[in-house]
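Colleague: With the sequence up front, the predicted model follows.
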There are 4 protein chains.
Amino acid sequence: MIPRYSRPEMTAIWEPATKFRIWYEIEAHACDAQAELGVIPKENAEAVWKAKDVEFDVARIDEIEAVTKHDVIAFLTHLAEHIGSEDARFVHQGMTSSDVLDTTLNVQLVRAADILIADMDRVLAALKDRAHEHKDTVRIGRSHGIHAEPTTMGLTFARFYAEMDRGRARLVNAREEIATGAISGAVGTFANIDPFVEEHVCAQLGLKPEPISTQVIPRDRHAMFFATLGVIASSIENIATEIRHMQRTEVLEAEEFFSKGQKGSSAMPHKRNPVLTENLTGLARLVRMSVVPAMENVTLWHERDISHSSVERAIGPDTTVTLDFALNRLAGVIEKLVIYPDNMLANMNKFRGLVMSQRVLLALTQAGVSREDAYRLVQRNAMKVWEEGKDFKTELLGDDDVLAALSAEEIEEKFDLGYHTKHVDTIFARVFGTSA
Amino acid sequence: MIPRYSRPEMTAIWEPATKFRIWYEIEAHACDAQAELGVIPKENAEAVWKAKDVEFDVARIDEIEAVTKHDVIAFLTHLAEHIGSEDARFVHQGMTSSDVLDTTLNVQLVRAADILIADMDRVLAALKDRAHEHKDTVRIGRSHGIHAEPTTMGLTFARFYAEMDRGRARLVNAREEIATGAISGAVGTFANIDPFVEEHVCAQLGLKPEPISTQVIPRDRHAMFFATLGVIASSIENIATEIRHMQRTEVLEAEEFFSKGQKGSSAMPHKRNPVLTENLTGLARLVRMSVVPAMENVTLWHERDISHSSVERAIGPDTTVTLDFALNRLAGVIEKLVIYPDNMLANMNKFRGLVMSQRVLLALTQAGVSREDAYRLVQRNAMKVWEEGKDFKTELLGDDDVLAALSAEEIEEKFDLGYHTKHVDTIFARVFGTSA
Amino acid sequence: MIPRYSRPEMTAIWEPATKFRIWYEIEAHACDAQAELGVIPKENAEAVWKAKDVEFDVARIDEIEAVTKHDVIAFLTHLAEHIGSEDARFVHQGMTSSDVLDTTLNVQLVRAADILIADMDRVLAALKDRAHEHKDTVRIGRSHGIHAEPTTMGLTFARFYAEMDRGRARLVNAREEIATGAISGAVGTFANIDPFVEEHVCAQLGLKPEPISTQVIPRDRHAMFFATLGVIASSIENIATEIRHMQRTEVLEAEEFFSKGQKGSSAMPHKRNPVLTENLTGLARLVRMSVVPAMENVTLWHERDISHSSVERAIGPDTTVTLDFALNRLAGVIEKLVIYPDNMLANMNKFRGLVMSQRVLLALTQAGVSREDAYRLVQRNAMKVWEEGKDFKTELLGDDDVLAALSAEEIEEKFDLGYHTKHVDTIFARVFGTSA
Amino acid sequence: MIPRYSRPEMTAIWEPATKFRIWYEIEAHACDAQAELGVIPKENAEAVWKAKDVEFDVARIDEIEAVTKHDVIAFLTHLAEHIGSEDARFVHQGMTSSDVLDTTLNVQLVRAADILIADMDRVLAALKDRAHEHKDTVRIGRSHGIHAEPTTMGLTFARFYAEMDRGRARLVNAREEIATGAISGAVGTFANIDPFVEEHVCAQLGLKPEPISTQVIPRDRHAMFFATLGVIASSIENIATEIRHMQRTEVLEAEEFFSKGQKGSSAMPHKRNPVLTENLTGLARLVRMSVVPAMENVTLWHERDISHSSVERAIGPDTTVTLDFALNRLAGVIEKLVIYPDNMLANMNKFRGLVMSQRVLLALTQAGVSREDAYRLVQRNAMKVWEEGKDFKTELLGDDDVLAALSAEEIEEKFDLGYHTKHVDTIFARVFGTSA
């Protein structure tokens, strides 16, 4: 977790104070359930809630842990300092540390997922706005980095919207998958605690009981969670790369926003670097690198080993914090992206109409010219454009053999951009449910 | 794709003949749609179906490709050899190669997913059978590889069932996500082809139209697909590792099946190696290694580049073939796994009752003994077991201080295995919907 | 291993016939050593060499393996068919299968490394040639895709040369590391075979004896080997990306070679796609994906398990074959890359001298103008270039305030490209040992 | 970087104060070189050293950066506060930020490597000690987790020593590779600064000048560095896994050290968990996960983009800190590992001599018994051991058919452990240079 790539809302989830708060809630709800079962006295269970508004003292807990060498015991000891040791002795009865730790991790991941979903909503809103704003802003479509056929800037935003929207749906799934809790004892048999406790605690925390756990919640759930974040990060890289390409000096179809006052921007007006999207490219790698270790974590020896634990201590916070930051940075970039429609047109015309050569070729053959002849006709005019800097349409209009097959009007029509944008509304309706 | 780790049903999906068959279907359905739109004559569209039962000649297509240097053109040329060049000239009209190639890849991935889902069903059936067979077969639960509390072999199978069932649900999702087709032209604008063609072809092939494509179908779908396979592979490794542990000489709670006639098995009866599950551990790595490149494939330059293509040529077949093989190998291992309940009991009793020391400790405190005293009582008897090879229960029954707090009956009860298995039915009901 | 991305010299290493040939050599040399030790009769050892020129019948060996279910035994049985079972019975004495298999794998990897080193030499030769050819071809250097300061095309080639040369040195190291053999028995103790046999066989095969093996050669060696290939692949991607950028329509500073006759190239002369370098980008991912599984292979249970084996069956051939193909494709691309110096100059002048604004700014301050004033002076002229399309130098020469600080000659000097290329020879001398 | 998995010596390298200190040294040495070249006045260069013993105020620099939005400028401004702005204005002349940042990163990685090399020396010393201590401690060698032939605990330590020693050599190489600096300007042409400055600064910092850089030092060096750490981490996992296996309840050939006072250890003496080595298994994954992003970082656009930067901000500290911690934890585990030779013998004898069945089989055939008969003889005695719990040697000695081929003495000899340990000294001499 690198401070400069962090947002406080997400880092807060991973702070010790938050962890202890969740521990407390699990223990308190468990006491309620145990009281309802008659395992512990009702008044003791109620007494635990006396600490409801207490802000636990992290330093004090650390101090106790330094002696007890056990984090959960340290917490319980500290809790006793608040609610009295008499009431405290019923807390945690029949439970194992993992019941608390594993359920807490999932609460944290669920909360992280909720923030990430909101982040994606911000990205989606930005993409949708910019898509509609530039629905008809024509630019050249490129395959292999080479001009192909016209498309529109709106379609570019729309496809990123559709991609991010898929990512959002996947994240909702992953959140659902990780929203389980387990209070099932040392090897998951509920030998020392009734399944009702698990059910009650999970219901209170917005989780489902893990249908079958060992000492821990199975790690395929976590693997799926981090794999999903990795796919989303890859989509961020995809969008970031598009913007980096648009901003490069020779293309200059868009630029990341720069405030007028930014030093250097006016003495070297050409030197505005797409540093945010480059940064997003790197952040995507950081998110993605958690995927393989999360998958390696799935294999545990028998009813558990702790090989997964150190991995999760790192990738739990780091990956969610980085992705949260990246999504917000991306949203900001999209919201404020400066777009240059004129440059888009200028780029498209770099080779003076040559991008239309395929349409002309097709029109000639459809007009009855043989493939070979059509090719020859297009070629000789194309070459004048390529080698002598002529304008393609002008050349065609001056070529009698071409005019023998196509009228001037028909030739003009081949250069009509409306041909390429006629289905934009259809596509927008597919993506946004409406083309408005 | 390694022959020894391949099954013919899956490899068939990736053979050139299959690919050409799908290409043909896409082209023929597209002709139907074009005819319906009035773009091409109905009779020409119908004529394409003359090749319906033709087995395309892969060698001949390769021969043509060697000249044309273009795979789709080579195929179309060969198709013309079957249906006549007059009818053939309407085929592929308005389409680009990627329309065919990308839609075909997704058809292949969908078919692969269908096989994999069936594979998982086989694994699930085996796990369910063995879970019920060994629902009450007690064995020691282990955390950190160290004896903890009793559990049952049935619970082990049941948790693998639950894990694989989650994997199956994820795979169904991934299959759904990849089941799209695109016939949208060079940059995805439908400039040269009506969206109706895409809709028609997709409906015929069991796909949904990709809402918005560029020259290609967006690769976040494929990344999610391979990520899902990676998670399933990790679950395979998890199960395989459990079996490898059970088979190691000192544990010997289970063995992969060996036929009586297998050479060497009786002159060295101890030397039966878990080679299938070790192999599965390696295969899991092979499946998993496709995840990161699939994610790196998401970023394409503008409306497409072909950096993804070579990756998919490798991981498309290799990963699905390997996972298909692994799932079937796993199913076979589970179905025929030889289980040794006696050894399970013997292992559990390796330290003559010591695994129950925690229950005794708890019982003493609940009987009013102070924590310190209870600990001391348990410790002095535990040490006789650990150091002198005594039996824990016997020692407790002979310790007057213990008997002062717990009756002989109560001590006996602490060693009752039923205490640990009392919720097995509850858990089975959660996992299988019934405990029967 | 994808046929279209394979070269026969490398695939030959991984063919069964090659494997059996190496097995044979190991067995025959081992017999020599055993005879020298007096363990087996000299004449029997000599008799093994009767098969020296035999081409082993792979189909026949497979046939035998189908019965014996053991590959090494199948081979030995087939060998006996050539040299007679009397002489054959001394073959393999005291050895285990892994002695043969593991040593063979390393022989294959060493041979693969030798080819890869030769491949890199071809790449290096091409880079060196093109570097010298374009030592003084000025182009704009770019940071963040944005014009920065001039550099030369030769420096671009030279830095790729230096990078590949480092890769070559790493590969030589990795080859050295993998060049070990082991004939040490079931758990590596030499219980059944004298270490002299290992020493003799290794010496004959150009290997060093593995100082300490278990049943297998330790897999950290292989991990290092594949990690090294992964770094080299990443350098290929680096070079490929540079070329893809250079070829994009708006930049067009270079193009992958295209033969005049290539269809489509002249009717759509702008549409020449950098498909080879895009392909290299994908191939780099395929090479890199073997790194993590190779590292996961390092951990084996006790004296060996076979989890590594399936991984190596895949990545051994696939990774070396893919990298071999990629290096040769890269060499071809570099050798024939079409370079457009005129476009390089045109690109550099896209903003009519603005790239020199920083030099002018510095010169003004060095001439005693305050930072603020210098900045203002540069800014007002830069803005005329940026917004009105003026030429920067012309504007400066017409700005009295600038001329008050700098003479016209001094201003001219700031636009001298020689300023930027003055150390090219120095750098070439560092990279190539000479600037000639 | 997780505090609980960090050691202060390594984290100190990555603290802001250290970074600023290195920046300062680079700038000061660069001034010396510039003064020697006559570019700046000698007295100004000397004046920079006035800050030699200053502890830079990180908070103050952050404060300035909040205004200037540029880290290097913020530092230079703060430096001016110490040495006076008159002297300070010559600092950094002709340099770009990357010259400072990139050279600093390599200084940090070199220092990190030095600590890691020392860490490995500690691990090596521990392995060497334990290897010699247990050179002759016989234990069963296992393949596939199944008993194979005897080996010694010393050989286990010795092979880990050899593996770590290879890792150390690789790390020394990687350190050498990363020990370069660059002060070459915005695109690496030395346009604004003489190469002598780079040479001087590098010499002072113990680096070599990067032969050819762009704006940055090429990232293949860093990829190789992190790949090397990944291989070392995999070796840590290998050792950790061996120990985890040895400690599992059924094996119990070794245990991680536990202090007598550790709570719970004596009331549940069987429950001592190998938590340190399990933790090492997870830490290995964390180190390894940096390898792929480091390789993805190799590709930069043209003369640089900053996509690598965020990755390095994370993996630079995280990976070196984690590996440093892991190596030290590993050293501690090895140094204090509690080894149980008696349990090793007991495990070896679990099947009462059956592990020797192969030797007996071989002896019978060498004594002239046909393979089939020999097999039958071994089998019928082995089965009595396997099924009836008899002792193998006793059975053989009572089998007249066996005795007809082998004398009682010869049979006894087959059970002699010395047969398996006779080459231990040879192997030790190979590994340690001496068997003493």
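Modeller: Ah, there it is.
Colleague: CA atoms for contacts and neighbours, from now on please.
Modeller: Fine.
Colleague: Mind listing what's buried along stretch A:159-174?
Modeller: By 16 or more other CA atoms under 10 Å in any protein chain shown, the buried positions in stretch A:159-174 come out as A:159-168, A:170-174.
Colleague: How far off centre is stretch A:294-306?
Modeller: Offset of stretch A:294-306 from its chain centre (CA atoms, centre = their mean, to the nearest Å): 27 Å.
Colleague: nope, stretch A:312-319 is what I was after
Modeller: The chain centre lies 16 Å from the centre of stretch A:312-319; the measure is CA atoms, centre = their mean.
Colleague: Touching it from outside, list them.
Modeller: Residues outside stretch A:312-319 that contact it (CA atoms under 8 Å, 6 or more residues apart in numbering or on different chains): A:1, A:2, A:11, A:14, A:109, A:286, A:287, A:290, A:294, D:1, D:2, D:286.
Colleague: Which parts of it count as buried, going by neighbours?
Modeller: So stretch A:312-319, judged by 16+ other CA under 10 Å, has buried residues A:312, A:314, A:315, A:316, A:317, A:318, A:319.
Colleague: Do any residues in the lengthiest helix in chain A lie close to chain D?
Modeller: In chain A, taking DSSP state H as the definition, the longest helix is helix A:97-133. No. Residues of helix A:97-133 are not located near chain D by CA under 8 Å from any CA of the partner chain, the shortest gap being 14.3 Å.
Colleague: is that helix anywhere near chain B?
Modeller: No. Helix A:97-133 stays clear of chain B (CA under 8 Å from any CA), getting no nearer than 11.2 Å.
Colleague: what's the answer for stretch A:425-436, then?
Modeller: Yes. Under the criterion of CA under 8 Å from any CA, chain B is reached by stretch A:425-436 at A:427, A:430, A:431.
Colleague: now that we have those, which one has the most neighbours?
Modeller: Within those, most neighbours by other CA atoms under 10 Å in any protein chain shown means residue A:427, with 24 neighbours.
Colleague: Identify, from the residues of stretch A:425-436 next to chain B, the entry nearest to chain C.
Modeller: Nearest to chain C among the residues of stretch A:425-436 next to chain B, counting by CA to the nearest CA, is residue A:427 at 26.4 Å.
Colleague: which secondary structure element contains the closest one?
Modeller: helix A:424-432 (DSSP states H and E).
Colleague: how about the strands in the stretch 301-436 of chain A?
Modeller: Ranges of strands in the stretch 301-436 of chain A, per DSSP state E, counting those that start in this stretch, are A:338-339.
Colleague: Would you check that residue A:87 makes contact with residue A:42?
Modeller: No. Judged on CA atoms under 8 Å, residue A:87 makes no contact with residue A:42 at a distance of 10.4 Å.
Colleague: Give me every residue in the stretch 251-400 of chain A lying close to chain C.
Modeller: So far as CA under 8 Å from any CA goes, the stretch 251-400 of chain A lies against chain C at A:251, A:266-275, A:278, A:347, A:350-351, A:354-355, A:357-358, A:375-376, A:378-380, A:382-383, A:386.
Colleague: now do 7 Å
Modeller: Neighbours of chain C within the stretch 251-400 of chain A, by CA under 7 Å from any CA of the partner chain: A:251, A:266-269, A:271, A:273-274, A:354, A:357, A:375, A:378-379, A:382-383, A:386.
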